[in-house]
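A.B. asks: A structural model of the following input is requested.
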Amino acid sequence: MNIWSAAGILEKNKLANTQPFLLLLEIEAEGIEETIRLARNNEDVIFNGQIYQMFPFDIDAVVEDGKQIPSLSLKVSNATGIIQGYIQSYNGLADAKVKILLVHAAHLDNTTPEMEFDYVINETKYDESWITFAIGSSNDHSYRFPPQRYITNFCSYRYKDIRCGYNGALDVCDGTLETCRIPKRFGGEPGLENGT
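C.D. replies: You can find the predicted model right below:
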């Protein structure tokens, strides 16, 4: 739960306001050195010493059908083709980290956003007008749990790493007990029956 600043609460509760709340977007992708920073505004926004470029984008409601991981639809304008260039060069921005920040235009000196949400890009689609990202939580089903498996005849240690313990000149080990250089440190479980 986010706790709003006193200034944010006052701005939110005003009957009329000359300054808007702004949505800021950050996209961090592997291979892109600099974070993509966009502001849904009619001029660039400077927040926490970073420039967020004015750029049309929109966020739709949460899609939840009970069959797939809940996700949001983030639509970014493709009029300039800038983001499409990133998509084509960096694997569709798959698994890129997306951060959505809510700030107030009159209080950009406040270093903490009023609200902050972290997502991951799960799917990317685009046409001439819009790029649509399906953003949601990371898919934890794709990770092995528990991280280690018990295997009878195969060593789970990488050859010559710290857990393997072998630091000699021989280069070959296929991960079996027969070729293990230090059998006392074998990473398999030869005591298991009927296991592979």
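
A.B. asks: isn't residue 112 right up against residue 4?
C.D. replies: No. Contact between residue 112 and residue 4 fails when scored by Cβ atoms under 8 Å: they sit 9.7 Å apart. Using the backbone N, CA and C atoms, a C-beta is placed for each residue, glycine as well.

A.B. asks: tell me which helix or strand in this protein has the weakest average pLDDT.
C.D. replies: For the chain, using mean pLDDT, DSSP states H and E, the weakest element among its helices and strands is helix 6-13, scoring a mean of 85.

A.B. asks: number of nearby residues for residue 96?
C.D. replies: Neighbouring residues of residue 96 were enumerated by other Cβ atoms under 10 Å; the total is 23.

A.B. asks: gap between it and residue 90?
C.D. replies: When distance is defined by Cβ to Cβ, to the nearest Å, residue 96 is 8 Å away from residue 90.

A.B. asks: quickly list what's touching both of the two.
C.D. replies: Common contacts of residue 96 and residue 90 (Cβ atoms under 8 Å, 6 or more residues apart in numbering): 29, 30.

A.B. asks: low-confidence ranges in this structure?
C.D. replies: Counting by pLDDT under 70, the chain contains low-confidence residues at 1-2, 63, 138-145, 147, 190-196.

A.B. asks: longest single strand anywhere in it?
C.D. replies: Across the chain, the longest stretch assigned as strand under DSSP state E is strand 115-126.

A.B. asks: what angle sits between whatever helix or strand comes next after it and strand 115-126?
C.D. replies: Using DSSP states H and E, the helix or strand that directly follows strand 115-126 along the chain is strand 130-136. Relative orientation of strand 130-136 versus strand 115-126 (axes from the mean of the first three to the mean of the last three Cα atoms, to 10 degrees): 130 degrees.

A.B. asks: strand 130-136 pairs with which strands, and in what direction?
C.D. replies: Strand 130-136 pairs in its sheet with strand 71-77 (antiparallel), strand 115-126 (antiparallel), by DSSP bridges.

A.B. asks: related to what we said a few turns ago, tell me which strands and helices the least confident helix or strand of the chain is in contact with?
C.D. replies: Based on contacts counted as 3 or more Cβ pairs under 8 Å, 6 or more residues apart in numbering; DSSP states H and E, the elements that helix 6-13 packs against are strand 97-104.

A.B. asks: cheers, nothing more for now.
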